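Colleague: Below are the sequence and a predicted model for it; my questions follow.
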2 protein chains.
Amino acid sequence: MQQEKNEVLIYAPALCPMALTLDVIGGKWKPLVVYLVSQGVNRFSTLEKQLPGISRKMLANQLRELESDGLLSREIFAEVPPRVEYSLTEKGASLMEVLMPVYEWGARNLQHRMRHLH
Amino acid sequence: MQQEKNEVLIYAPALCPMALTLDVIGGKWKPLVVYLVSQGVNRFSTLEKQLPGISRKMLANQLRELESDGLLSREIFAEVPPRVEYSLTEKGASLMEVLMPVYEWGARNLQHRMRHLH
DNA sequence: CTGGATCCAACGAGATACTG
DNA sequence: CAGTATCTCGTTGGATCCAG
């Protein structure tokens, strides 16, 4: 794993797949949003209920970004009242798979960081 | 994977291991810093050279946080000139392992997001 | 119901100067 | 060499109002 002494590598977030991935899934709410959608919580209002503390604007922004990154798809139903449903794309599902071990690592190593809500 | 219809789950970043982990490793520079340290780039000034664009303050902050989260250890040598070396802890190494698939996912799925630097 | 647009406050991050 | 302190500014996110 050790690099050659004279090898010069320049690293930058814009070139690192890890940083790019964290940019796509990072942020305070995105992993929870993706997870909830994967669990069938697929409408704006139900997501909002499950995410106490998130603002409408933030939820809308996160959903737009997740959609434009191809993780979620968005289906609009021309009804009254209007209805929109989100679902996980294949790409989103494949990301969820690689993220599960990360989730488990956190569960094993970060208990001390958990805040207990009442 | 589908939850029961009447099950009511409340999600919050403070309770989600994924969000906690992303908080620990997230941010623009942390994954690169951890990776570089794992590759033997273990001093402040060499890290700074490899991370064009990062400010001293940011690098110092990220190193402090990574240290307090137990991912990096910091060894101070009482010399002139002063010398400090960072290294990956076991915990940091175990995180790197679960993050490799994330890295690979990004490499496969996020090429379109890469910016070419000259 | 699902958002977009706007305004504003708070926080994060860069630049610079200084220190053990 | 390896940082810290301060100051400032830009961006982010919350609140509110409006619309399809």
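Modeller: Noted; the coordinates are in hand.
Colleague: which stretch of helix or strand covers the residue of chain A found nearest DNA strand C?
Modeller: Closest residue of chain A to DNA strand C, CB to the nearest atom of the strand: residue A:45 (2.9 Å). Glycine gets a C-beta too; all of them are placed from N, C-alpha and C. Secondary structure from DSSP states H and E places residue A:45 in helix A:44-50.
Colleague: tell me which residues in that helix are buried?
Modeller: Using 16 or more other CB atoms under 10 Å in any protein chain shown as the test for burial, helix A:44-50 gives A:44, A:47, A:50.
Colleague: how about that helix, does it reach chain B?
Modeller: Yes. Residues of helix A:44-50 are located near chain B by CB under 8 Å from any CB of the partner chain, namely residue A:50.
Colleague: helices or strands up against that helix?
Modeller: Counting by 3 or more CB pairs under 8 Å, 6 or more residues apart in numbering or on different chains; DSSP states H and E, the packing neighbours recorded for helix A:44-50 are helix A:30-38, helix A:56-68.
Colleague: Would the longest one count as contacting DNA strand D?
Modeller: Yes. Applying CB under 7 Å from any atom of the strand, one finds helix A:56-68 touching DNA strand D at A:56-58, A:61.
Colleague: Now do the buried residues in that helix.
Modeller: For helix A:56-68, burial by neighbour count (16+ other CB under 10 Å) applies to A:59, A:62-63, A:65-66.
Colleague: So which bits of chain A are right by DNA strand D?
Modeller: A:27-28, A:53-58, A:61, A:82.
Colleague: Sort out which one of these lies nearest chain B for me.
Modeller: Closest approach between those and chain B, by CB to the nearest CB: residue A:28, at 5.2 Å.
Colleague: who's in contact with the nearest residue to that closest one once chain neighbours are set aside?
Modeller: Closest residue to residue A:28 apart from its sequence neighbours, by CB to CB, 6 or more residues apart in numbering or on different chains: residue B:13 at 5.2 Å. By CB atoms under 8 Å, 6 or more residues apart in numbering or on different chains, the contact set of residue B:13 is A:28-29, A:32, B:19-20, B:23.
Colleague: Then residue A:53?
Modeller: Contacts for residue A:53 (CB under 8 Å, 6+ apart) come out as residue B:12.
Colleague: and which of the contacts of residue B:13 is nearest DNA strand D?
Modeller: residue A:28 (6.4 Å).
Colleague: Have a look at chain A and report its longest helix.
Modeller: For chain A, the helix that runs over the most residues, judged by DSSP state H, is helix A:90-109.
Colleague: pretty sure residue A:22 contacts residue B:26?
Modeller: Yes. If you go by CB atoms under 8 Å, residue A:22 and residue B:26 touch, sitting 5.6 Å apart.
Colleague: Confirm for me that residue A:62 is in contact with residue A:27.
Modeller: Yes. Between residue A:62 and residue A:27 there is a contact at 6.8 Å, judged by CB under 8 Å.
Colleague: outside of stretch A:34-50, which residues touch it?
Modeller: Applying CB under 8 Å, 6+ apart, the contact partners of stretch A:34-50 are A:25, A:33, A:51, A:54, A:56, A:59-60, A:63, A:66, A:71-72, A:83-88, A:92-93, A:95-96, B:1-3, B:9-11, B:16, B:18.
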